[in-house]
Each structure stands twice: as C-alpha cells, then as structure tokens.
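>>> take this sequence and fold it.
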Amino acid sequence: MELKTIDISTNKSLAKSFYLALDDKIQALHRALHHLSGWDLPGKEHVKEYFWYMYRRNFRPRTYASNLVAIHIFLTIVRDSGKTRLEEITKHDIEAFIEHEQDRGLMLSTVRTRLHCVNAFLGYAIDAGIVNAAVLARRIRLKKPETLPRAMDTDDVKQLLSVIDNTRDRAMITVLLRTGMRIGELLNTTMPDLHLRDRRIDIYEGEKNRIGRVVCLSDDAVGALKAWLTMRDAHKEFLFYAQGKVHMSYSTARQMFVDYLTKAGLAHKGYSLHALRHTFASELLNAGMRIECLQPLMGHTSLDVTRRYARLTDKTREEEYFRAMTIIERGEIDGHYRCDHQIQTFLEEKERLTQHC
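Numbers count the residues shown, from 1 in each chain. Alright, predicted model coming up:
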C-alpha cells in the first residue's frame with residue numbers, strides 16, 4: 001500500500017495535530033532555555049544557540065530534555081577540570097564524561113545515548129569554529145552487545161489474551177501484536193489514521209526514526225477494533241485514551257500491560273510492551289514471510305536490523321540441526337565422515353599434481 005501525501009489545510013484533524021505538535025516543541029524549547037538560564041557553566045551562550053538550532057531543525061520535544069541533561073553533566077565535568085571556555089575542550093574531557101557515567105552504574109544504552117547528545121553538541125560547536133575538530137576526529141564508540149529481540153512464546157501469547165476482558169485493552173494488545181506498531185505510535189494514532197475498510201493504519205511519523213509507513217490489520221485486529229469503536233467516545237481525537245482523559249500516557253499503557261502479565265502468571269518472564277512488536281516479527285518470519293517484506297512493515301531503515309529477527313526465528317536451521325542430531329544419536333553414521341564431492345575432487349587433483357612434480 002502507498003502512503004499518500006495529505007494537505008493539512010484540507011484536513012482539520014491533521015492540522016490540529018500539526019499545530020499541537022508545534023506548540024509542544026515551542027514549550028519544550030522554552031523549558032530548556034529556562035533551565036539553561038540558571039547554569040554557571042562554560043559555553044552557556046553556545047548551548048543556548050544550540051537549542052535554537054535544534055528548534056530550527058525540528059527536533060522532537062523530548063529530545064530537548066535528554067540533551068539538556070547530557071550537556072549539563074558534560075560541561076560540569078569540563079568546569080570541574082578547571083576549564084572556563086569551550087575552546088579548551090579536548091578528547092580527554094569526553095573520556096572523563098564516559099567514565100563518570102559508567103561509574104554511576106548507568107545502563108550502557110543510557111551512556112551511549114548521552115554520549116550521542118554530547119557528540120552532537122560538540123559537532124555543532126566544531127562547525128561554528130568554537131571547538132577544535134580534533135576532539136571528534138576519531139569518535140569514542142561504546143560497543144553494545146548485540147542481543148536478540150525478546151519475543152513472547154506462542155503459549156504465553158494465548159495465555160495473555162485469555163485474561164484480557166476489557167474491550168479497549170484487548171483491542172490495544174491485539175493491534176500491537178498484529179501490526180508491529182511501537183506503543184508510542186499506537187498511542188498517537190488518531191481516528192483519521194484508522195482505515196478499517198482498507199484494513200490499515202497510517203503512521204505519518206515513525207516513533208523512532210520519524211519515517212512514515214502503513215501497517216495492515218488482521219481479521220482479529222479488525223474485530224477487536226470494531227468492538228472498541230462501538231464503545232469509545234466518538235468525540236475523542238485519539239483512537240485510544242485513558243478514562244477521563246483525551247489521551248493515554250505510556251506509563252498508563254505500561255501499567256495496564258504489567259497488570260495483565262501478572263493476571264496471566266507471566267510477570268516473572270520479563271516481557272515488555274515492546275516484546276509484542278518482536279513477537280509480531282518473529283511470528284511472520286516463522287509463517288514464511290520474506291524478510292524484505294517484513295522490513296517496511298516494521299519501519300526499519302536497514303535490512304540488517306530486520307535480520308536480527310531471522311536469527312531468532314530460523315526454523316529451517318533448527319529442523320536441519322535436529323534431523324542431523326537424530327542420525328548421530330542413533331549411531332547411524334558409518335564411521336567415515338563424508339566430504340563434499342567438489343572438495344574431494346579438488347584434493348585428489350592436488351595430490352596427483354604434487355606426485356608429478
């Protein structure tokens with residue numbers, strides 16, 4: 001399915017969402033500048049310019065807060081080392097920042113995120129001629145273990161669905177399981193984004209990479225949504241909302257999921273809402289979908305990211321392994337290891353030539 005370009009001037013709901021997002025961005029910028037005004041750190045004026053640069057570049061509202069924290073910690077370390085100007089920053093300051101965050105016992109992913117924020121700010125300062133380019137000439141990279149995506153077992157999925165008796169919650173969980181949407185994408189879905197007749201949801205901006213895509217709706221997802229639509233307040237803008245609210249927060253959705261895991265006796269397994277997205281990908285690959293088709297449904301910009309799910313769900317490889325192990329365990333190998341025919345031919349030819357030399 002092709003995502004069509006929509007003129008917001010002719011779509012009141014989309015226009016409203018656009019201006020609300022713009023308002024959120026302005027408020028986020030002003031909050032950041034307010035906190036920044038109380039700093040007594042080197043390069044404060046340049047940090048202020050950087051946040052206006054972020055605003056012009058259309059950064060997301062939540063990005064301001066994460067950058068503010070990372071840059072504040074970094075510049076505090078720079079100040080405590082006796083430096084008073086950004087021009088004095090060296091690569092050693094970045095190393096000190098990394099060690100400081102690691103010593104606090106933060107998760108590696110958190111340290112990497114904060115390092116990315118600091119590097120982005122320093123990159124801006126380098127382009128502005130403030131910081132020496134040698135500072136980022138060879139960036140320090142923290143290698144993150146390449147863990148497999150955590151998907152739910154099939155029996156656990158059935159057990160979870162069996163305890164969900166709330167119509168709204170059942171529709172939410174089912175849609176996440178059948179579309180692979182991120183929870184943030186689902187919570188931001190408005191009614192105009194839903195097209196039941198065409199069995200799809202339009203995601204105008206991806207939660208992680210800001211790339212829009214279209215996801216398809218299965219029969220059970222359509223059925224769960226139809227049941228919810230008969231009960232929801234037709235005046236609400238968002239497809240899903242909390243009681244008495246116009247929207248639903250991530251914390252509310254997460255607590256709802258945790259409560260159902262507990263009710264299903266699955267709380268000890270460490271599943272998260274994001275595991276539903278992993279489950280979606282794993283089940284489609286197990287059902288035979290080509291990885292090239294799964295990639296756009298997941299919204300991945302790189303096929304390599306999607307391939308991680310293939311390593312998790314390669315049933316053909318498992319079947320070959322157990323078939324071979326059955327032969328071995330039965331003692332049905334005749335004692336002579338078979339060699340590939342082409343390799344054997346090559347070795348025989350090599351031995352013949354050696355004898356003639």
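>>> quick check: Thr301 vs Cys117, distance?
21 Å (C-beta to C-beta, to the nearest Å). For every residue, glycine as well, the C-beta is placed using N, CA and C.
>>> quick one, which of those two is more surrounded?
Ranked by neighbour count (other C-beta atoms under 10 Å), Thr301 and Cys117 place Cys117 first, with 18 against 13.
>>> and the more buried one, what pLDDT?
Cys117 carries a pLDDT value of 95.
>>> which element is it on?
helix 108-127 (DSSP states H and E).
>>> keeping just the C-alphas, turn that helix into PDB.
The C-alpha coordinates for helix 108-127 follow below in PDB (Å, rounded to 0.1, in the frame of the first residue of the first chain):
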ATOM      1  CA  LEU A 108      25.300   1.000  28.700                       C
ATOM      2  CA  SER A 109      22.400   2.100  26.400                       C
ATOM      3  CA  THR A 110      21.900   5.200  28.600                       C
ATOM      4  CA  VAL A 111      25.600   6.100  28.500                       C
ATOM      5  CA  ARG A 112      25.600   5.700  24.700                       C
ATOM      6  CA  THR A 113      22.500   7.900  24.400                       C
ATOM      7  CA  ARG A 114      24.100  10.700  26.500                       C
ATOM      8  CA  LEU A 115      27.400  10.400  24.600                       C
ATOM      9  CA  HIS A 116      25.500  10.800  21.400                       C
ATOM     10  CA  CYS A 117      23.900  14.000  22.700                       C
ATOM     11  CA  VAL A 118      27.300  15.400  23.800                       C
ATOM     12  CA  ASN A 119      28.900  14.500  20.400                       C
ATOM     13  CA  ALA A 120      26.000  16.200  18.600                       C
ATOM     14  CA  PHE A 121      26.600  19.400  20.600                       C
ATOM     15  CA  LEU A 122      30.300  19.200  20.000                       C
ATOM     16  CA  GLY A 123      29.800  18.700  16.300                       C
ATOM     17  CA  TYR A 124      27.700  21.800  16.200                       C
ATOM     18  CA  ALA A 125      30.400  23.700  18.100                       C
ATOM     19  CA  ILE A 126      33.100  22.400  15.700                       C
ATOM     20  CA  ASP A 127      31.100  23.600  12.700                       C
END
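>>> you'd agree His46 is up against Asp127?
No. Look at His46 against Asp127 with C-beta atoms under 8 Å: they stay out of range, at 11.5 Å.
>>> which of these two has more residues huddled nearby?
Between His46 and Asp127, counted using other C-beta under 10 Å, His46 has the larger neighbour count: 17 against 11.
>>> name the element the more buried one belongs to?
In this structure, His46 sits in helix 44-56 according to DSSP H and E.
>>> list of residues touching that helix?
Here helix 44-56 makes contact (C-beta atoms under 8 Å, 6 or more residues apart in numbering) with 25-26, 29, 32-33, 36, 39, 41, 63-64, 67, 71, 75, 86, 121, 124-125, 128, 130.
>>> and it, what's buried?
Buried residues in helix 44-56, counted by 16 or more other C-beta atoms under 10 Å: 46-47, 50-51, 54-55.
>>> all helices of the stretch 1-150 of the chain, in order?
With DSSP state H, counting those that start in this stretch as the criterion, the stretch 1-150 of the chain has helices at 12-36, 44-56, 61-80, 91-103, 108-127.
>>> got those helices as JSON lines, with distance to Tyr250 columns?
Listed next are the helices of the stretch 1-150 of the chain as JSON lines, based on distance: least, C-beta to C-beta, whole Å:
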{"stretch": "helix 12-36", "distance to Tyr250": "15"}
{"stretch": "helix 44-56", "distance to Tyr250": "22"}
{"stretch": "helix 61-80", "distance to Tyr250": "11"}
{"stretch": "helix 91-103", "distance to Tyr250": "24"}
{"stretch": "helix 108-127", "distance to Tyr250": "17"}
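>>> need the least confident one among those, by mean pLDDT.
Taking the mean pLDDT of those, helix 12-36 comes last: a mean of 69.
>>> related to what we said a few turns ago, could you dump whatever helix or strand comes next after the helix holding Cys117 to CSV, C-alpha only?
On the C-terminal side of helix 108-127, the closest following helix or strand by DSSP H and E is helix 154-162. C-alpha atoms of helix 154-162 as CSV (Å, rounded to 0.1, in the frame of the first residue of the first chain):
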residue,chain,number,x,y,z
THR,A,154,3.2,-18.7,21.4
ASP,A,155,1.6,-20.3,24.5
ASP,A,156,2.3,-17.2,26.5
VAL,A,157,0.6,-15.0,23.9
LYS,A,158,-2.5,-17.3,24.2
GLN,A,159,-2.4,-17.1,28.0
LEU,A,160,-2.1,-13.3,27.9
LEU,A,161,-5.0,-12.8,25.6
SER,A,162,-7.2,-15.2,27.6
